[in-house]
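Novice: Predicted structure and sequence below. I'll ask about it afterward.
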Amino acid sequence: MTIDEQKLEQFAGQVVGDLGATVSTALAHIGDRLGLYRAMAGAGPLTPADLALRTEVHERYLREWLANQAAGGYIKYEPAQGTYELPPEHALVLANENSPVHLAPGFEQMAAVWAVAERLESSFRSGDGVGWHEQSPGLFGSTEGIFAPAYRTHLVESWIPALDGVQQRLQDGGHVADVGCGHGASTILLAGAFPNVTVSGFDYHAASVEIARRRAADAGLEGGDRLRFEVADAGGYPAPDGGYDLICFFDALHDFGDPVSAAVHARETLAEDGAVMLVEIRSGDRTEDNLNPLGRLGYGMSTFVCVPNALAQPGRYALGGQAGPTAIGEIFEKAGFTRFRKVADAPIHQVLEARP
């Protein structure tokens, strides 16, 4: 066997880059928790001593951390002055939780998946699942943190209007179900945007439902008849008389062990001419369509979280987080839906609509 030395060197360099990115992700997680990015945002050039004063963090650790961040291109280093600066564009990604491109919670996601790596190794051999409730607690809030900025930016402004006739229907009133609601970010947004609608959030994870209720109370929406959260799975949540005008699955359907049963239950609980909205990670139908940075991240998280959760549930369908619109459409066709289409794209999401 002949070894191409150039290819060998290139691939070894790629692995070194991945190792550097991995350890840098851990350091970015620490920096986010300590508020280092937020302290640098808008502050201009800072020395390690300046940042230490702002954050009450030990300067020697900061010097090493800043050098790592500069080597990775996260911050700018000016050798002549010995200063470091967080560019405003980078601050939108790392320091502003209201930004639609805020990705800092992803660092905590990485810490969370590493925490179950040993158990997942065993599952690789046995085929057993790892339920969402069995994951590291850090996964729950960080997942909301990754997705909520997109919901705040796009849900009311562009995704709902893209559904045929749904915006007017919600403005007039009606009922909405948010299935797999997690901490309630999307549910609370819908209740706030459409004051005539009754919104119900359902999740099988009781701890997440409790957090959602607290978030609703903080938003001044909990305790009335318009917004409620209940512990229920995707095949057994209750429906109001007349059914739901809109049933939503936000970054959830691909996690279900039996998505066909979930789709059947959605069809059975829809109002006449109601709609199902699915928000899924933006992906193509074929593996080769997803061999890119977003696909790499998506397949990684799917291996750690989505597939194990599905394999822990009855049905064990395991669509995976990169299933693509065709596979999801087939689920709804099996469930008796006759219309299915993509209605919108966002930087990391695609929005799909299904109707009976």
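Specialist: Sure, I can see it.

Novice: make it CA atoms for all contacts and neighbour counts henceforth
Specialist: Noted.

Novice: Please look at H102 and A148 and confirm they touch.
Specialist: No: checked against Cα atoms under 8 Å, the pair H102 and A148 is beyond contact range at 9.3 Å.

Novice: now the end-to-end length of stretch 181-199.
Specialist: Taking Cα to Cα, to the nearest Å as the measure, stretch 181-199 stretches 11 Å from start to finish.

Novice: what comes up buried for it?
Specialist: Buried residues in stretch 181-199, counting neighbours by 16 or more other Cα atoms under 10 Å, are found at 181-192, 194, 196-199.

Novice: Mind giving me the packing neighbours of the longest strand belonging to the chain?
Specialist: Criterion DSSP state E: the longest strand present in the chain is strand 270-281. Secondary-structure packing of strand 270-281 (3 or more Cα pairs under 8 Å, 6 or more residues apart in numbering; DSSP states H and E): strand 244-250, strand 349-355.

Novice: Can you list the buried residues in it?
Specialist: 270-271, 274-281.

Novice: How far off centre is whatever helix or strand F140 lives in?
Specialist: Assigned by DSSP states H and E, F140 belongs to helix 138-150. Distance of helix 138-150 from the chain centroid (Cα atoms, centre = their mean, to the nearest Å) equals 5 Å.

Novice: Relative to E118, which of the helices and strands packed on strand 270-281 is closest?
Specialist: Each of the helices and strands packed on strand 270-281 was scored for nearness to E118 using Cα to Cα, and the closest is strand 244-250 (28.8 Å).

Novice: Can you dump the C-alpha atoms of the closest one in PDB for me?
Specialist: C-alpha atoms of strand 244-250 as PDB (Å, rounded to 0.1, in the frame of the first residue of the first chain):
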ATOM      1  CA  TYR A 244     -56.600  22.300  17.600                       C
ATOM      2  CA  ASP A 245     -56.400  24.900  14.900                       C
ATOM      3  CA  LEU A 246     -52.600  24.500  14.900                       C
ATOM      4  CA  ILE A 247     -50.400  21.700  16.200                       C
ATOM      5  CA  CYS A 248     -46.600  22.500  16.400                       C
ATOM      6  CA  PHE A 249     -43.600  20.300  16.700                       C
ATOM      7  CA  PHE A 250     -40.500  22.500  17.300                       C
END
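
Novice: ok, back up a step: need the contact partners of the following helix or strand past the helix holding F140.
Specialist: Counting by DSSP H and E, the next helix or strand C-terminal to helix 138-150 is helix 160-162. With contact meaning Cα atoms under 8 Å, 6 or more residues apart in numbering, helix 160-162 is reached by 166-167, 343-344.

Novice: hmm, try it at 10 Å
Specialist: 154-156, 166-168, 170, 190, 277, 342-344, 351-353 (Cα atoms under 10 Å, 6 or more residues apart in numbering).

Novice: Buried ones among those?
Specialist: By 16+ other Cα under 10 Å, the contacts of helix 160-162 give 154-156, 166, 170, 190, 277, 342-344, 351-353 as buried.

Novice: With distance to L8 as added columns, please give those in TSV.
Specialist: TSV is the format used below for the buried ones among the contacts of helix 160-162 (distance: Cα to Cα, whole Å):
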residue	distance to L8
H154	44
L155	46
V156	50
V166	55
L170	58
L190	52
M277	47
K342	42
V343	44
A344	42
V351	41
L352	43
E353	46
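
Novice: Now those in JSON lines, please, with extra columns for distance to G320 and pLDDT.
Specialist: Shown next, in JSON lines, are the buried ones among the contacts of helix 160-162 (distance: Cα to Cα, whole Å; pLDDT from 0 to 100):
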{"residue": "H154", "distance to G320": "24", "pLDDT": "96"}
{"residue": "L155", "distance to G320": "23", "pLDDT": "98"}
{"residue": "V156", "distance to G320": "27", "pLDDT": "97"}
{"residue": "V166", "distance to G320": "28", "pLDDT": "97"}
{"residue": "L170", "distance to G320": "31", "pLDDT": "97"}
{"residue": "L190", "distance to G320": "27", "pLDDT": "98"}
{"residue": "M277", "distance to G320": "18", "pLDDT": "99"}
{"residue": "K342", "distance to G320": "19", "pLDDT": "97"}
{"residue": "V343", "distance to G320": "21", "pLDDT": "98"}
{"residue": "A344", "distance to G320": "21", "pLDDT": "97"}
{"residue": "V351", "distance to G320": "17", "pLDDT": "98"}
{"residue": "L352", "distance to G320": "16", "pLDDT": "98"}
{"residue": "E353", "distance to G320": "19", "pLDDT": "98"}
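
Novice: for P137, what are its contacts?
Specialist: By Cα under 10 Å, 6+ apart, P137 lies in contact with 109, 112, 115, 207.

Novice: looking at those residues, which has the most residues close by?
Specialist: In terms of neighbour count, Q109 stands highest of the contacts of P137 at 23 neighbours, by other Cα atoms under 10 Å.

Novice: That residue: which element?
Specialist: According to DSSP H and E, Q109 maps onto helix 105-115.

Novice: ranges for the strands of this protein?
Specialist: 76-78, 83-85, 174-179, 197-203, 227-231, 244-250, 270-281, 339-345, 349-355.
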